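A.B. asks: Could you work out the structure for the sequence below:
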Amino acid sequence: MIGAGADATVVIVESGDDPKVSGVQDSVRVLLRGDRIPELHSRFEFRGALPIHVFARLEEGCLPLGIAQRRAMPSAPANFNRAELRLIQPLTRETLDAVRPVPSPGPLPGVDWIDLVESDPIRALESFVLGWFPEAQSAADETTANELDNLPEALAAFHRLARLRPAIHRFIDPVLKKPRRASGPLGDRLVFAMWNGAGKDWSVPWPLHTPDGADPRVWFTEDPDDPNPETTLKRNR
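C.D. replies: Take a look at the predicted model:
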């Protein structure tokens, strides 16, 4: 809720811990998002003359969080549906816990998989993923690698698990949902993971040759689109 008065702008956000909606993000950041309101664009300009007072709605009433400055917003008034504010005075831990309560974590998953890392890495992977990632259904067109036969055992296991726990794809260096074939200075290869869009990738020789089998060599390639990319052999783990 945004109130535009003669002397100040008042913002009231709901308490909670959902980063996808308007609310307190941390001790200094407050995010606003919603419908387009061109009429209020000037209130959130970086050099706006009127102060912005921020409150959080609790069961007991509205808790003042302090005065905020404008940090980020759309440039055009017609597109104004989002603004990021920065509190001049950071919130205390007590206030932050009140407006953004941390939910109870519940029972923690087991860590027995650690004992299997050396002796049975595939089973360790399965135990870790099934225990630590939430259940979800992956879309049919995203389910992956069945088009390619004879994948390395560990990579095939990863893709089987990804259909049950799609969240395992959400890493900085994600494993591709559909491995792709490519060539390089060491020969034909199968790219199974990529960094930053395409700046670096990880691959295995393709097609596989014995005795590589379940644990083939892994190649790390810098700038794979370069005519002469730098490829190095990574130690298997």
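
A.B. asks: Report pLDDT for Glu59.
C.D. replies: The score at Glu59 is 90. That number is its pLDDT.

A.B. asks: What is the neighbour count of it?
C.D. replies: Using other CB atoms under 10 Å, Glu59 is surrounded by 5 other residues. Every residue, glycine included, has its C-beta placed from N, CA and C.

A.B. asks: Can you show me the strands along this structure?
C.D. replies: Taking DSSP state E as the criterion, the chain contains strands spanning 2-4, 9-14, 23-24, 29-33, 52-58, 61-72, 82-87, 175-184, 187-195, 200-205, 218-222, 230-234.

A.B. asks: So what touches stretch 216-233?
C.D. replies: Under the criterion CB atoms under 8 Å, 6 or more residues apart in numbering, residues 152, 182, 184-186, 189, 191, 198-205, 208, 234, 236 lie in contact with stretch 216-233.

A.B. asks: give me the low-pLDDT residue ranges for this structure?
C.D. replies: 19, 46-48, 72-75, 137-149, 196-198, 210-214, 235-237 (pLDDT under 70).

A.B. asks: Work out which residue lies at the spatial centre of it.
C.D. replies: Geometric centre of the chain, nearest residue: Arg170, 5.9 Å, by CA atoms, centre = their mean.

A.B. asks: Flag every buried residue along stretch 152-171.
C.D. replies: For stretch 152-171, burial by neighbour count (16 or more other CB atoms under 10 Å) applies to 152, 154-159, 161-163, 165-166, 168.

A.B. asks: Gly131 and Ile168, how far apart?
C.D. replies: Separation of Gly131 from Ile168 (CB to CB, to the nearest Å): 12 Å.

A.B. asks: what's the answer for Leu130, then?
C.D. replies: Noted for Leu130: a distance of 10 Å to Ile168, by CB to CB.

A.B. asks: so what sits against both of the two?
C.D. replies: Residues touching both Leu130 and Ile168 by CB under 8 Å, 6+ apart: Leu161.

A.B. asks: follow-up on the earlier one: just put the buried residues of stretch 152-171 in JSON lines and tack on distance to Lys20.
C.D. replies: Output for the buried residues of stretch 152-171, formatted as JSON lines (distance: CB to CB, whole Å):
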{"residue": "Pro152", "distance to Lys20": "37"}
{"residue": "Ala154", "distance to Lys20": "34"}
{"residue": "Leu155", "distance to Lys20": "32"}
{"residue": "Ala156", "distance to Lys20": "34"}
{"residue": "Ala157", "distance to Lys20": "32"}
{"residue": "Phe158", "distance to Lys20": "28"}
{"residue": "His159", "distance to Lys20": "28"}
{"residue": "Leu161", "distance to Lys20": "26"}
{"residue": "Ala162", "distance to Lys20": "23"}
{"residue": "Arg163", "distance to Lys20": "25"}
{"residue": "Arg165", "distance to Lys20": "21"}
{"residue": "Pro166", "distance to Lys20": "18"}
{"residue": "Ile168", "distance to Lys20": "21"}
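
A.B. asks: Sweet, I'm off.
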